[in-house]
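what's the 3D shape of this:
(2 chains)
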Amino acid sequence: MTTLPQYNFAYLDEQTKRMIRRAILKAIAIPGYQVPFSSREMPMPYGWGTGGVQVTASIIGPDDVLKVIDQGADDTTNAVSIRAFFAKVAQVETTTHTSDATIIQTRHRIPEKALSKGQVLVYQVPIPEPLRFLEPRETETRKMHALEEYGLMHVKLYEDIARHGRIATTYAYPVKVEGRYVMDPSPTPKFDNPKMHMSEALQLFGAGREHRIYAVPPHTEVVSLDFEDHPFAIQHFEQPCALCGAEQVYLDEVILDDRGGHMYVCSDTDHCEERRAAGHVGDLGVKEAAE
Amino acid sequence: MDLGLDGGFADPVLQSQTAFRAIMDALANPGAVQRLVAPGSPTSSIPPELVSTLLTLSDHDTSIWLDDSLRADSAVLQFVSFHTGAPVVREPGRAAFAFAAGAEHLPRFDQFNLGTQEYPDRSTTIVLAVPALTGGPDLIIRGPGIKDHGRISPVGLPEDFIGQWSANRELFPRGIDLLLVAEGAVLGLPRSTRIAEGH
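Sure thing, here's the model as predicted:
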């Protein structure tokens, strides 16, 4: 039997947790504003959700139930290893069921099932600054947020329309929070943007490499930027999920062979499993063995 | 000789986590009263709820301001110094956190650090102990974290509270954040909340 080194509860030391907790409180008080924090090295590489992991580690307690998803799936490497990490360092219960979780850490999706009061959704964020690709200088983007000068973002969306005839941004679609700060919702598909608006759950965003934490409290206005003549619209799929028959959900394309065969399935694996367990079957699905 | 060792969390890691979640939920859901773990107080001049928030939020990185009644008690200063190492400042404008045992010794909100337009997060969070969180005049609150509107009725708020708070709200995104504590509970009023008198 191997002995593990003794870590503090939830891995981070107490001083680091306090620093992150203070940043979280300020982030909640100023919805959409990116609070700088002193991000730590984590036992996983940047890009694997070190920001989200630090936020989760700072809020989690022994009574929490943790769910981790990566692109909607509970069973991908990133999700499995972060879940295992917290099961080991915080001895918390983990789940794949959205409704059972008190904390859901996510990479690039919001669960299909509406979140409820008391739940916390923790996003892993690669680039927190929505203006970064338009203006590389931090001093400038900070000033733009301070002065509420978001014309550049509208020019970018307008250029989309001039070039493609529509707003071509499909993920990390910029939103305005409570009529003040323009915020990057992390690279979630724009399909998920409406779920952020007036959510019952607290939404926390952690960007480890970029040292930023921001938040959207429950019941907060989150509006996707658009134009009167080009209103914001989410993606629509031509066909339902091939496994569970779900409509109005976000679908992933799965390649089946080398002759162009493909199928579309729910990106949210828990949602798909629950529907199949309830007897819903799609075109390519099979009836549950129990039935 | 008393070195201020008495009191504080029996289990610092888990109790400060529990207290933090209460404070986080209080600020994320303004007006909703959250249970706050109350540790032993070193002396009767500092209420246990202030001790709880103090230990949860402050350390050597945070300058803190204490009101006259707290600063006058050397046991409080020794306790703060031993348990947190936080530098105690006299000017409210330099404080990351301000702790007050009652509204009578609290300077006006605009005397505290209000943050800057570029860094609004650098403002002071005020933790004010009041006699009770309910039973006072009815106030109506609106804003992020509040479904439609909510009602609060804390007792013992500072003088001209509505006026001071409106001025604070006007400064958004700058401004102070307020935590009211009493009777083993905390109520959060982030700067984003709008407050009006109820009828």
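
for the stretch 1-150 of chain A, which residues are neighbours of chain B?
Contact residues, the stretch 1-150 of chain A versus chain B (C-beta under 8 Å from any C-beta of the partner chain): A:8-10, A:14-15, A:17-19, A:21-31, A:33, A:35-36, A:58-62, A:118, A:142-143, A:145-147. From N, CA and C alone the C-beta is placed, and that goes for glycine too.

in helices only, show me those.
Counting by DSSP state H, the part of the residues of the stretch 1-150 of chain A next to chain B found in helices is A:14-15, A:17-19, A:21-29, A:58-59, A:142-143, A:145-146.

mind listing what residue 174 touches?
Just so you know, I chose chain A. A:130, A:153, A:157, A:182, A:183, A:184, A:185, A:224, A:225 (C-beta atoms under 8 Å, 6 or more residues apart in numbering or on different chains).

let's do chain B instead
Contacts of residue B:174 by C-beta under 8 Å, 6+ apart are B:114, B:115, B:116, B:117, B:120, B:123, B:191.

poorly predicted segments of the stretch 101-250 of chain A, please.
Judged by pLDDT under 70, the stretch 101-250 of chain A has no weakly predicted residues.

the chain: strands as residue ranges?
Because you didn't say which chain, this covers chain A. Using DSSP state E, the strands found in chain A span residues A:35-36, A:65-70, A:93-94, A:103-107, A:120-124, A:175-177, A:181-183, A:202-207, A:212-216, A:222-224, A:251-255, A:262-266.

sorry, should have said chain B
Under DSSP E, chain B gives strands at B:34-35, B:64-66, B:88-89, B:97-100, B:125-129, B:139-142, B:150-152, B:177-182, B:185-189, B:194-197.

show me which residues of chain B are close to chain A?
Chain B has residues B:12-14, B:16-18, B:20-21, B:23-25, B:27-29, B:56-59, B:61-62, B:96, B:116-121, B:123, B:125, B:143-147, B:172-173, B:177, B:190-192 near chain A, with proximity defined as C-beta under 8 Å from any C-beta.

restricted to buried residues, select these in ChimeraX.
Typed into ChimeraX, the line below selects the buried ones among the residues of chain B next to chain A, using 16 or more other C-beta atoms under 10 Å in any protein chain shown:
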select /B:16,17,18,20,21,23,24,25,27,28,29,56,57,58,59,62,96,119,120,121,123,125,143,144,145,146,172,173,177,190,191,192
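
so which of the residues of chain B next to chain A belong to helices?
Per DSSP H, the residues of chain B next to chain A map to helices at B:12-14, B:16-18, B:20-21, B:23-25, B:27-28, B:56-57.

then stretch B:104-120 to CSV, C-alphas only?
Taking Å, rounded to 0.1, in the frame of the first residue of the first chain, the C-alpha atoms of stretch B:104-120 are listed here in CSV:
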residue,chain,number,x,y,z
GLU,B,104,-22.4,54.4,16.4
HIS,B,105,-18.6,54.3,15.8
LEU,B,106,-18.7,53.7,12.1
PRO,B,107,-17.5,56.5,9.8
ARG,B,108,-19.7,57.3,6.8
PHE,B,109,-19.3,54.8,3.9
ASP,B,110,-17.5,57.3,1.7
GLN,B,111,-14.7,57.5,4.2
PHE,B,112,-13.6,53.9,3.4
ASN,B,113,-11.7,52.7,0.3
LEU,B,114,-14.2,52.9,-2.6
GLY,B,115,-11.8,51.3,-5.1
THR,B,116,-11.0,52.8,-8.5
GLN,B,117,-12.8,52.7,-11.8
GLU,B,118,-10.0,50.4,-13.1
TYR,B,119,-9.8,48.3,-9.9
PRO,B,120,-13.2,48.5,-8.2
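
quick one: mean pLDDT for that stretch?
On average, the pLDDT along stretch B:104-120 is 97.

closest one of the contacts of residue B:174 to chain A?
The closest of the contacts of residue B:174 to chain A turns out to be residue B:117 (C-beta to the nearest C-beta; 4.0 Å).

and the nearest residue to the closest one once chain neighbours are set aside, how many neighbours?
Distance criterion C-beta to C-beta, 6 or more residues apart in numbering or on different chains; nearest residue to residue B:117, sequence neighbours excluded, is residue A:146 at 4.0 Å. For residue A:146, the neighbour count with other C-beta atoms under 10 Å in any protein chain shown is 16.

what angle do the lowest-mean-pLDDT helix or strand in chain B and helix B:12-28 make?
None of the helices or strands of chain B scores lower by mean pLDDT, DSSP states H and E than helix B:74-83, at a mean of 94. Counting by axes from the mean of the first three to the mean of the last three C-alpha atoms, to 10 degrees, helix B:74-83 lies at 110 degrees to helix B:12-28.

for the nearest residue to residue B:143 once chain neighbours are set aside, give me its contacts.
Once flanking residues are discounted, residue B:143 sits nearest to residue B:193: 4.3 Å by C-beta to C-beta, 6+ apart. Applying C-beta under 8 Å, 6+ apart to residue B:193 gives the contacts B:30, B:31, B:141, B:142, B:143, B:144, B:145, B:146, B:169.

so who does the residue nearest to residue B:117 touch?
B:116, B:117, B:118.

do you know how far the first one is from residue A:34?
Read that as residue B:116. As judged by C-beta to C-beta, to the nearest Å, residue B:116 and residue A:34 stand 15 Å apart.

pLDDT wise, what is residue A:284 at?
88.

separation between the closest residue to it other than its chain neighbours and residue A:248?
Excluding the flanking residues, the one nearest residue A:284 by C-beta to C-beta, 6+ apart is residue A:242, at 4.1 Å. From residue A:242 over to residue A:248 the distance is 15 Å, taken as C-beta to C-beta.

these two: which is more packed in?
residue A:242 (21 against 10).

my read: that one touches residue A:262, true?
No - at 9.3 Å, residue A:242 and residue A:262 do not qualify as touching, with contact defined as C-beta atoms under 8 Å.

spit out the residues that contact these two alike.
Joint contacts of residue A:242 and residue A:262 (C-beta under 8 Å, 6+ apart) do not exist.

shouldn't residue B:117 be in contact with residue B:173?
Yes - counting by C-beta under 8 Å, residue B:117 touches residue B:173, with 7.4 Å between them.

shaky segments in chain B?
Low-confidence segments of chain B (pLDDT under 70): B:1-4.

in it, which residue is most central in space?
For chain B, residue B:127 is the residue whose C-alpha lies nearest the centre (C-alpha atoms, centre = their mean; 1.3 Å).

Provide the partner residues of that one in its beta bridges.
Bridge pairing for residue B:127 (DSSP bridges) gives the partners residue B:99, residue B:179.

tell me how far it lies from chain A.
11 Å (C-beta to the nearest C-beta, to the nearest Å).

circling back to that earlier point, list buried residues within the residues of the stretch 1-150 of chain A next to chain B.
With burial judged by 16+ other C-beta under 10 Å, the buried subset of those is A:9-10, A:17-19, A:21-31, A:33, A:35-36, A:58-61, A:142, A:145-146.
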